[in-house]
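**Q** here is my input, please return the structure:
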Amino acid sequence: MGRLGNIFIHAGIWLGLGLLFYVFFLRQEAPPVQIVGSDRVELARARDGHFHIDGAIQGKPVRFLIDTGASTVSIPRRLADRIGLGCDIVSTFRTANGLVQGCTSRVAELDFGPFRVENLAVAILPNLTSDALLGMNALRHVRMEQTADRLSLSNP
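**A** Residues are numbered from 1 along each chain as shown. Have a look, this model is predicted:
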């Protein structure tokens with residue numbers, strides 16, 4: 001192979017590496033669309049396979065991961081600190097990763113999409129690394145319907 005052939009091979013390798021770098025690290029996907037009405041929201045499944053919704057706890061913005069397997073809304077300790085939420089009762093929680101020591105507290109208001117739940121128990125977990133988990137104690141106040149990669153939440 002001549003010098004020109006080597007140049008094309010090296011250029012192809014660098015071009016391929018650049019494309020991989022772009023696809024895996026630089027390409028940002030827009031968040032899933034949230035269609036919000038006065039009593040309904042429709043969510044698209046996110047790239048991670050879950051449904052997420054914007055909301056608030058005590059008026060502070062929170063990004064929730066909808067978790068129908070969680071019985072209680074759960075938030076990381078750092079989020080509780082940001083909101084100014086202290087511990088009321090020390091508790092042990094059964095999670096997907098085993099038993100975890102944390103605590104519970106009550107919040108005056110929790111909003112997600114157009115919905116509001118008042119006087120709700122929240123679990124505060126020290127090592128929760130994900131978004132806040134929107135558990136069934138909040139989700140039971142809305143009607144949920146999933147069709148393929150869409151989740152609709154509405155008033156019952």
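**Q** any stretches of this protein with poor pLDDT?
**A** 1, 4-5, 8, 10-12, 14-33 (pLDDT under 70).
**Q** now the helices: where do they sit in it?
**A** Assigned by DSSP state H, the helices in the chain fall at 3-21, 77-83, 136-139.
**Q** who does the shortest one touch, helix- and strand-wise?
**A** The one in question is helix 136-139. strand 115-125 (3 or more C-beta pairs under 8 Å, 6 or more residues apart in numbering; DSSP states H and E). In short, each C-beta sits where N, CA and C put it, glycine included.
**Q** now do the strands in this protein.
**A** Counting by DSSP state E, one finds strands in the chain at the ranges 34-36, 40-44, 52-57, 60-66, 73-76, 89-95, 98-112, 115-125, 132-134, 143-147, 150-154.
**Q** output those strands as a markdown table; include the columns mean neighbour count and distance to Ile7.
**A** Putting the strands of the chain into a markdown table (neighbours: other C-beta atoms under 10 Å; distance: least, C-beta to C-beta, whole Å) gives the following:
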| stretch | mean neighbour count | distance to Ile7 |
| --- | --- | --- |
| strand 34-36 | 14 | 49 |
| strand 40-44 | 18 | 45 |
| strand 52-57 | 20 | 46 |
| strand 60-66 | 17 | 48 |
| strand 73-76 | 24 | 51 |
| strand 89-95 | 13 | 55 |
| strand 98-112 | 16 | 56 |
| strand 115-125 | 18 | 55 |
| strand 132-134 | 24 | 53 |
| strand 143-147 | 12 | 53 |
| strand 150-154 | 18 | 50 |
